[in-house]
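> could you look at this predicted model? Sequence included:
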Amino acid sequence: MQLFDPLSGSAPLSVSIFALYVREFLESNDILQNVWIHGEVSNCKTYPSGHCYFTLKEGDAQLLCVFFKSARQRTGAPSLRDGMALAVNGRVSFYERDGKLQFYVDAVEPLGEGALFQRFEQLKARLIAEGLFDTERKRPLPAQPAVLGIVTSLQAAALRDMLRVLRLRYPLVRVLLAPALVQGADAPDSIAAAIDLLNEQGEAEVIIVGRGGGSIEELWAFNEEVVARAIARSRIPIISGVGHETDFTIADFVADHRASTPTAAATAAVPDLAAWRADLIEKQEQLVDLMQERLLDLHGQMAYAQRDLQRLSPQSLIERRRQQLDEASERLHTQMSHLQNLRKERLRGIALQLHSLSPLLTIARGYAVVRREEDQQIITSVQQVQTGEKLIVQVQDGQLAVRVEP
């Protein structure tokens, strides 16, 4: 493509023409189209597409780099991460859409770990040896904190996110904000001072120390020893919520609890009232079920007890005795009636026998019965009477009074 001189004309250039000029100028330079550069990887991100974007830094200078998936696969390059010391080969161009000068990587050569990563590992090893990362020294978080301390920047978007989460999850908590710088040379001392201030004030039951995501340099304040010492000496449990989920800082290792993001830190710091309400409703339903079950059980027990009382009741006993008396009376009546009938039959038999032996039958055949009037003794012989005694002669249809004559 033919280069042109945009400064030769008198009319102002459009942005697109000037950007095109810059890109053509860079791509026409043979040195810039095949050059090796070394530095330390920072803010490295690999997207689902497989393309890798990172910043190559050295001192105060930095260069935006793009390592496309095809180049990575062709060269068999290792996975890149923040803190690596790297030599990269490629070309420089200008990305018109974003107005960025970018280095398009064709090959990489790892050179070991960068200076920042070495500082990180050295401090980490020293603090591990002192026991500052030990699980035994980490304290549990309060279940229902009344006062929560936050150490972050007043201008941070992370602060708004944390306050929003706290308001939605647990509006009962009171927030004490200890503003601090979270980036730059003065940030470590500012963060440590804010932690100490909340400990002096003494109301907070838990402290969140955090900021949003950024490059390794932007998060470096949380890798400084002064911050680690402030977290370690805090009497109040501390939650570290720095950067994104993949970011790890020294503060994360020293803190009592590490959250992947500031929002996750706010979530971990307080309970969820909505979950409480749901749990309360569930327990209320369980309680109602248990009460109903208990009432049904008691109702059954009461029915059994009522039947037992009825069975053991004097009234029930009286009724049974009455029934037994009725049955006994009936049996007695039956037995007496039977006995009476037997006696009647026996009496009838005796009467028949008496009748068959009755003197009246004899009298009816023409005989008479003679009795002494005085004592009604039956006279069967003349020797039994004396002259002049009065006798009664019983005949069939009556009696005759007679006197004994000589």
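Cool, the structure landed.

> C-alpha from now on. contacts and neighbour counts both.
Noted.

> where does the stretch 251-400 of the chain have low pLDDT?
Along the stretch 251-400 of the chain, segments meeting pLDDT under 70 span 316, 358-366.

> strands of that one, start to end?
In the stretch 251-400 of the chain, strands defined by DSSP state E, counting those that start in this stretch lie at 257-259, 369-372, 390-395, 398-403, listed in chain order.

> ok, the stretch 51-200 of the chain next?
Shown for the stretch 51-200 of the chain, the strands assigned by DSSP E, counting those that start in this stretch span residues 52-58, 61-67, 84-95, 100-113, 147-152, 174-179.

> and the ones you listed, which is most packed in?
Highest mean neighbour count among the strands of the stretch 51-200 of the chain (mean count of other C-alpha atoms under 10 Å): strand 147-152, with a mean of 23.

> and it, how far from the chain's centre?
29 Å (C-alpha atoms, centre = their mean, to the nearest Å).

> which residues of the stretch 1-150 of the chain fall in helices?
15-27, 69-75, 115-130 (DSSP state H, counting those that start in this stretch).

> buried residues in the shortest one?
Going by neighbour count (16 or more other C-alpha atoms under 10 Å), the buried part of helix 69-75 is Ala71, Arg72.

> helices and strands around it, which ones?
Contact partners of helix 69-75 among helices and strands, from 3 or more C-alpha pairs under 8 Å, 6 or more residues apart in numbering; DSSP states H and E: strand 100-113.

> angle of the strand it packs on against strand 84-95?
Angle, strand 100-113 to strand 84-95, by axes from the mean of the first three to the mean of the last three C-alpha atoms, to 10 degrees: 170 degrees.

> strand 100-113 pairs with which strands, parallel or anti?
Applying DSSP bridges, strand 100-113 is found paired with strand 61-67 (parallel), strand 84-95 (antiparallel).

> one step back: any idea which of the strands of the stretch 251-400 of the chain is most buried?
strand 257-259 (a mean of 23).

> contacts for that strand, please.
Lys138, Leu141, Ile238, Ile239, Ser240, Gly241, Val242, Asp252, Ala265, Ala268 (C-alpha atoms under 8 Å, 6 or more residues apart in numbering).

> remind me which residues of the stretch 101-250 of the chain are low pLDDT?
Applying pLDDT under 70 to the stretch 101-250 of the chain flags the ranges 112-116, 246-247.

> I'd like to know how far Phe54 sits from Leu64.
Going from Phe54 to Leu64 by C-alpha to C-alpha, to the nearest Å gives 6 Å.

> also Asp397?
Asp397 sits 168 Å away from Leu64, going by C-alpha to C-alpha.

> same thing with Thr46?
For Thr46 relative to Leu64 (C-alpha to C-alpha), the value is 14 Å.

> now do Arg371
171 Å.

> Ala187 too?
Distance from Ala187 to Leu64, by C-alpha to C-alpha: 25 Å.

> residues in contact with the spatially most central residue of the chain?
By C-alpha atoms, centre = their mean, the chain has its centre lying nearest to Asp279, at 6.3 Å. Shown in contact with Asp279 (C-alpha under 8 Å, 6+ apart): no residues.

> distance check, it against Val22.
63 Å.

> now Thr75
In terms of C-alpha to C-alpha, Thr75 sits 29 Å off from Val22.
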